[in-house]
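In: Okay, predicted coordinates and the sequence, questions at the end:
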Amino acid sequence: MAACGAIFRDYTGGLGGFSCRLNVSSVLHTELLAIIIAIEQAHERGWFHVWVESHSQISIQATKDHSIVPWDIHNRWLNCFWLNMQIIFSHTFREGNSCADKLASHGLSIVNFQWWSSLPHFAYDDFIKDRFGCTRLRIS
């Protein structure tokens, strides 16, 4: 089982986000589906100018080389690029994206998909740390 999550912030500073449980087993599927769902959610809400940040370099590379995308999600991936949207893609390090990581972790505890029109309380501390550039080191 896998999960993904994303945080959205608009030009007014408004916040929202989602967590989603996924029935996939590969990391590549998970990372690409996170981007797909984020683009679909933005489009559904009428947000046509979007900046997508991901800690997955291969996913960012897939925005230029669609052959990287697995066949079973390839059409859904291409559909995101046929929407009438302006999308910028960039890489960010996982340590600078802890709020999205927290939302993804929450996705493991839910059945399917959950949208928040404001930042959920459990992700607030991570959002503040990301916002002010405080990195969260991953030590194992």
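Out: Arrived safely, thanks for sending. Residues are numbered from 1 along each chain as shown.

In: Any idea what the residue nearest the centre of the chain is bridged to?
Out: Against the mean C-alpha coordinate of the chain, by C-alpha atoms, centre = their mean, the closest residue is Ala6 at 3.8 Å. Ala6 has the following beta-bridge partners by DSSP bridges: Phe18.

In: which residues sit in contact with the residue nearest to Gln41 when sequence neighbours are not counted?
Out: Spatial nearest neighbour of Gln41, excluding adjacent residues (C-beta to C-beta, 6 or more residues apart in numbering): Phe18 at 6.2 Å. Yep, even glycine has a C-beta here, placed from its N, CA and C like the rest. Taking C-beta atoms under 8 Å, 6 or more residues apart in numbering as the criterion, Phe18 is in contact with 5-6, 37-38, 41, 103, 113-116.

In: What's the ChimeraX line that selects buried ones from the residues you listed?
Out: Buried members of those, identified by 16 or more other C-beta atoms under 10 Å, are gathered into one ChimeraX selection as follows:
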select :5,6,37,38,41,103,114,116
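
In: Tell me which of the contacts of Phe18 fall in strands.
Out: 5-6, 113-116 (DSSP state E).

In: roughly how far apart are Cys51 and Phe93?
Out: Rather than Cys, residue 51 is Trp. 16 Å (C-beta to C-beta, to the nearest Å).

In: what's the answer for Glu44, then?
Out: Distance from Glu44 to Phe93, by C-beta to C-beta: 29 Å.

In: Same question for Ser59.
Out: Ser59 sits 14 Å away from Phe93, going by C-beta to C-beta.

In: out of the two, which sits in the busier spot?
Out: Set Ser59 next to Phe93 and count neighbours by other C-beta atoms under 10 Å: Ser59 wins out with 23 against 9.
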